[in-house]
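K.L.:
Below is the sequence, then the predicted model.
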Amino acid sequence: MHLNLYSPLADGYKSNSQKIRVLTELWVGKNIFCPSCGKSLDNYENNKPVADFYCLECNEDYELKSKKDSMGKKIVDGAYSTMIQRLQSNSNPNFFFLNYDKDTYNIKNFVVIPKHFFIPEIIEKRKPLSSSAKRAGWVGCNILLHNIPESGKIFYIKTMVFKVKIRFLKNGERLLF
């Protein structure tokens, strides 16, 4: 498996966040299988709230979050109300977390967290944007990774080492995707 994100497709973007979005979604689409059934994943259209990929075989949804350098204790996410609404719905997604080296674009870790570990209690509400901000009053959220038990973090890649597919599926089955 290729553990570098770089692709010339991202060269047309000026914003670093857009480049990373394009690179990480492209990499996941080419390299990652559904942890529930082992089939390939498909992309949702851009800007679908709390969903980036889906599996046609087992109907599971996946949201991808990426972070440079280390995974850390929390990951900045989008709108708080949208996240809470999705987590409380019947279509709560599973989450992929990818962290990469900002200088080399090498993938350090890639983790899947099954949806039953994603509950409102691991979502931290951020302060509303100030009245002078372009989107004044908007409220974002953080995903508190440190509140997810280690048993809920299943690594595809850990410290740049790929986990074997068969072994991973056995772990995924144990956690009931």
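P.N.:
Here it is on my side, so go on. Everything numeric here is computed off the predicted structure, so don't read it as measured data.

K.L.:
hey, let's count contacts and neighbours off CA atoms from now on
P.N.:
Fine.

K.L.:
ok, which stretches of the protein are helices?
P.N.:
Here the chain has its helices, by DSSP state H, at 16-31, 80-87, 165-174.

K.L.:
Now tabulate those in a markdown table and tack on mean pLDDT and distance to Gly137.
P.N.:
Output for these, formatted as a markdown table (pLDDT from 0 to 100; distance: least, Cα to Cα, whole Å):
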| stretch | mean pLDDT | distance to Gly137 |
| --- | --- | --- |
| helix 16-31 | 90 | 22 |
| helix 80-87 | 90 | 12 |
| helix 165-174 | 55 | 40 |
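
K.L.:
Quick one: closest of those helices to Lys102.
P.N.:
Between Lys102 and these, the tightest spacing by Cα to Cα is seen for helix 16-31, at 9.7 Å.

K.L.:
sorry, back to before: with distance to Asn46 as extra columns, can I get the helices of the chain in TSV?
P.N.:
TSV is the format used below for the helices of the chain (distance: least, Cα to Cα, whole Å):
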stretch	distance to Asn46
helix 16-31	10
helix 80-87	16
helix 165-174	27
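
K.L.:
CSV for the ones you listed, including mean neighbour count and distance to Tyr6?
P.N.:
Listed next are the helices of the chain as CSV, based on neighbours: other Cα atoms under 10 Å; distance: least, Cα to Cα, whole Å:
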stretch, mean neighbour count, distance to Tyr6
helix 16-31, 17, 6
helix 80-87, 17, 29
helix 165-174, 14, 24
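
K.L.:
right, so of those, which gets closest to Gly72?
P.N.:
Among these, if distance is taken as Cα to Cα, the winner is helix 16-31, at 18.1 Å.

K.L.:
quick revisit: looking at the helices of the chain, which is nearest to Glu45?
P.N.:
Glu45 sits nearest to helix 16-31 of all those, at 11.2 Å, using Cα to Cα.

K.L.:
The helices of the chain: which one's closest to Lys108?
P.N.:
Short answer: helix 16-31, nearest of the helices of the chain by Cα to Cα, at 12.5 Å.

K.L.:
Output the contacting helices and strands for the closest one.
P.N.:
On a contact count with 3 or more Cα pairs under 8 Å, 6 or more residues apart in numbering; DSSP states H and E, helix 16-31 meets strand 61-68.
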